[in-house]
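Peer 1: Pasting the sequence and the predicted coordinates here, then a few questions.
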Amino acid sequence: MSQNRDQWGSKIGFILAAVGSAVGLGNIWRYPYLLYSSGGGAFLVPYFFALFTAGIPLMILEYSFGHKFKGSTPLALARANKKWEWLGWWPSFNSIVILTYYSMILGWAVNYLFLAFTQAWGSDPNGFFFGEFLSLSSGPFELGGIKWPIFFGISLIWFINWFICYRGVSGGIEKVNKVLLPTLIGMMVLIVIRGITLPGAVVGLNKLFTPDWAKVMDPKVWIAAYGQIFFSLSLAMGVMITYSSYLPEKTDIVNSAFMTAFANSGFEFLAAIGVFGILGFMATSQGVPVEEVVTASIGLAFVAFPKVFGLMGPLGVVFGVIFFTCLVFAGITSSVSMVEAFASAVIDKTGASRKKVVNYTIGIGYLVGILFATGAGLYFLDIIDHFINSYGIVSVGLAEAVLIGWVYGAHKIREHANPISIYPVGKWWDVMVKFVTPAVLVYMLISNFVLEMK
Ligand code: PFF
């Protein structure tokens, strides 16, 4: 096995980088809405079920596998079985494809970070975002539709990713995560404190947590819980196998997997409390029910929140800046992991230098990503996001669980992880990886497909 492979400088550096990858836009704008719309407090049942039956078991699998075979995903799989290399390219491509639209949103967040200083969106953030900012009315593919601020934002994001990955694992990714992640957590805590102390916050939190048990009877809610766990933990993306391949020989695999998963869940829980405290305030100050102000993703970050910052008085500027900084930091620590999962695969395959591979990866990715600087961005975003989430991640997860769990042998992965871990995993883990995870993933694939056909 290669002797001069990059390594993390410390265990905490690895954990921070892995949590940095996991904590991203998915935690800040996807999870709060999902929790609210999928049964509130009752959603915690499918959520934790998915975490313990698929999230943590697969995290242990990916960490142990990457650590054992010391390679990016295609190389690690090829070392386990020569015929499996192709399976490793699949998640590596998924992650770089996700990056093309993830970087677009991060580019927008960079723009909004600057706009937040003057609250340039004015009193109609909706009209501002879709009209002035994106100019959707100018037609999605019009060349004249290139918006220079958006172009600048996306370019900056790709440049930052280049800058970090070019410097390597301990000199780039680890260093940046050590600064950005604690700062991000600190800023999120500030948002939560402000959120829950705003007048009306309790109305939002009640709406968020009041359990609706009927919803939990719906299989779609369970699928959504598993989908969130996979996306949010960056599983089946090639990221965690690659990151763990940079670990030194003696590393507590099991403990690291639990820590990453709990930190990620803790963060998204915090984000949900902050977001719903703020939405409760917004609804109360406008005299409307919370349902009317709740949105997810783009609508939350670029329309609803700018509106709330406008209602917060002078502190609105401060919290606007903090919020968009959170989005940018959370997004950067995730996007570098996407670049790394792909670049590392190419480095391992070609033997070319990191610098060269990162230059090409970023160069080509940037050219594709820049397509999103036209109004076409939103159009692509929906299509790619849908296919990657409904099929890409699910099928890679399934292939991983079946090939590694059944053909390679789950027990061998466990036997690798246990001697170096303080708390060894028991046989329950084999059951999860071999039976529960594949069964759920097959069900997800089929039901996604059936929904498609309707
Ligand atoms: N886990 C990230 C989030 O929750 O936003 C998203 C992500 C990171 C997806 C890394 C893919 C990836 F390779």
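Peer 2: Yep, it's here.
Peer 1: Can you name the element that comes right after the one helix or strand residue 157 maps to?
Peer 2: For residue 157, the element it lies in under DSSP states H and E is helix 148-166. Scanning the chain past helix 148-166 towards its C-terminal end, the next helix or strand to appear is helix 175-197 (assignment: DSSP H and E).
Peer 1: which residues sit against whatever helix or strand comes next after that following helix?
Peer 2: Following helix 175-197 in sequence order, the next helix or strand is helix 201-209 (DSSP H and E). With CB atoms under 8 Å, 6 or more residues apart in numbering as the contact definition, helix 201-209 has outside contacts at 32, 35-36, 40-41, 195-196, 272-273, 276-281, 283-284, 290-291, 294. Placement of C-beta: from N, CA and C, glycine included.
Peer 1: Let's see helix 201-209 as PDB, backbone CA atoms only.
Peer 2: Coordinates of the C-alpha atoms in helix 201-209 are reproduced here as PDB (Å, rounded to 0.1, in the frame of the first residue of the first chain):
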ATOM      1  CA  ALA A 201     -40.300  32.300  18.900                       C
ATOM      2  CA  VAL A 202     -42.300  29.900  21.000                       C
ATOM      3  CA  VAL A 203     -45.100  29.900  18.400                       C
ATOM      4  CA  GLY A 204     -42.600  28.700  15.800                       C
ATOM      5  CA  LEU A 205     -41.100  26.100  18.100                       C
ATOM      6  CA  ASN A 206     -44.500  24.700  19.000                       C
ATOM      7  CA  LYS A 207     -45.300  24.300  15.300                       C
ATOM      8  CA  LEU A 208     -42.000  22.600  14.800                       C
ATOM      9  CA  PHE A 209     -42.100  20.100  17.600                       C
END
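Peer 1: Now do that helix and helix 175-197, the angle between them.
Peer 2: Here helix 201-209 points in a direction 110 degrees away from that of helix 175-197 (axes from the mean of the first three to the mean of the last three CA atoms, to 10 degrees).
Peer 1: how about helix 201-209: buried residues?
Peer 2: Applying a neighbour-count criterion of 16 or more other CB atoms under 10 Å, one finds 201, 203, 204, 205, 207, 208, 209 buried in helix 201-209.
Peer 1: One more: stretch 352-372?
Peer 2: Residues of stretch 352-372 classed as buried under the neighbour-count rule (16+ other CB under 10 Å) are 354, 357, 358, 359, 361, 362, 365, 366, 369, 370, 372.
Peer 1: Equivalent analysis for stretch 246-262, please.
Peer 2: Buried residues in stretch 246-262, counting neighbours by 16+ other CB under 10 Å, are found at 246-247, 251-261.
Peer 1: Now narrow those residues to whatever sits close to the ligand.
Peer 2: Taking CB under 6 Å from any ligand atom, there is no overlap between these and the neighbourhood of the ligand.
Peer 1: about what we covered before: got JSON lines for the buried residues of helix 201-209, with pLDDT and distance to the ligand too?
Peer 2: Listed next are the buried residues of helix 201-209 as JSON lines, based on pLDDT from 0 to 100; distance: CB to the nearest ligand atom, whole Å:
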{"residue": "201", "pLDDT": "97", "distance to the ligand": "25"}
{"residue": "203", "pLDDT": "97", "distance to the ligand": "27"}
{"residue": "204", "pLDDT": "97", "distance to the ligand": "22"}
{"residue": "205", "pLDDT": "98", "distance to the ligand": "23"}
{"residue": "207", "pLDDT": "96", "distance to the ligand": "23"}
{"residue": "208", "pLDDT": "96", "distance to the ligand": "19"}
{"residue": "209", "pLDDT": "96", "distance to the ligand": "22"}
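Peer 1: Model confidence at the residue of the chain positioned farthest from its centre, what's the number?
Peer 2: For the chain, the residue at maximal distance from the C-alpha centroid (CA atoms, centre = their mean) is residue 287, at 34.1 Å. We have a pLDDT of 95 for residue 287.
Peer 1: and what of the one 10 residues further on?
Peer 2: Reading off the per-residue confidence, residue 297 sits at a pLDDT of 87.
Peer 1: how much space is there between it and residue 29?
Peer 2: With distances defined as CB to CB, to the nearest Å, the gap from residue 297 to residue 29 amounts to 5 Å.
Peer 1: Between the two, tell me which one has more neighbours.
Peer 2: residue 29 (24 against 16; other CB atoms under 10 Å).
Peer 1: Kindly export the helix or strand bottoming out on mean pLDDT in the chain (C-alpha atoms) in CSV.
Peer 2: Comparing helices and strands within the chain by mean pLDDT, DSSP states H and E singles out helix 377-387 as the least confident, with a mean of 77. Only the C-alpha atoms of helix 377-387 are listed here, as CSV (Å, rounded to 0.1, in the frame of the first residue of the first chain):
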residue,chain,number,x,y,z
GLY,A,377,-29.1,27.6,-12.8
LEU,A,378,-32.4,26.9,-11.1
TYR,A,379,-33.5,24.7,-14.0
PHE,A,380,-30.5,22.5,-13.7
LEU,A,381,-30.5,22.5,-9.9
ASP,A,382,-33.9,20.8,-9.7
ILE,A,383,-33.2,18.1,-12.3
ILE,A,384,-29.7,17.1,-11.0
ASP,A,385,-30.7,17.3,-7.3
HIS,A,386,-33.7,15.1,-8.0
PHE,A,387,-31.7,12.4,-9.8
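Peer 1: Can I get the next helix or strand after it in CSV, CA atoms only?
Peer 2: Scanning the chain past helix 377-387 towards its C-terminal end, the next helix or strand to appear is helix 393-400 (assignment: DSSP H and E). Once side chains and other backbone atoms are set aside, the C-alpha atoms of helix 393-400 remain, and they are given as CSV (Å, rounded to 0.1, in the frame of the first residue of the first chain):
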residue,chain,number,x,y,z
ILE,A,393,-27.0,8.1,-3.5
VAL,A,394,-29.5,5.3,-3.0
SER,A,395,-28.0,3.0,-5.6
VAL,A,396,-24.4,3.6,-4.5
GLY,A,397,-25.4,2.9,-0.8
LEU,A,398,-27.1,-0.3,-1.9
ALA,A,399,-24.2,-1.5,-4.0
GLU,A,400,-21.8,-0.7,-1.1
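Peer 1: For the following helix or strand past helix 393-400, which outside residues touch it?
Peer 2: Using DSSP H and E, the next helix or strand after helix 393-400 towards the C-terminus is helix 410-417. Applying CB under 8 Å, 6+ apart, the set of residues contacting helix 410-417 from outside is 60-61, 63-65, 67-68, 253-254, 404, 424-425, 429-430, 433-434.
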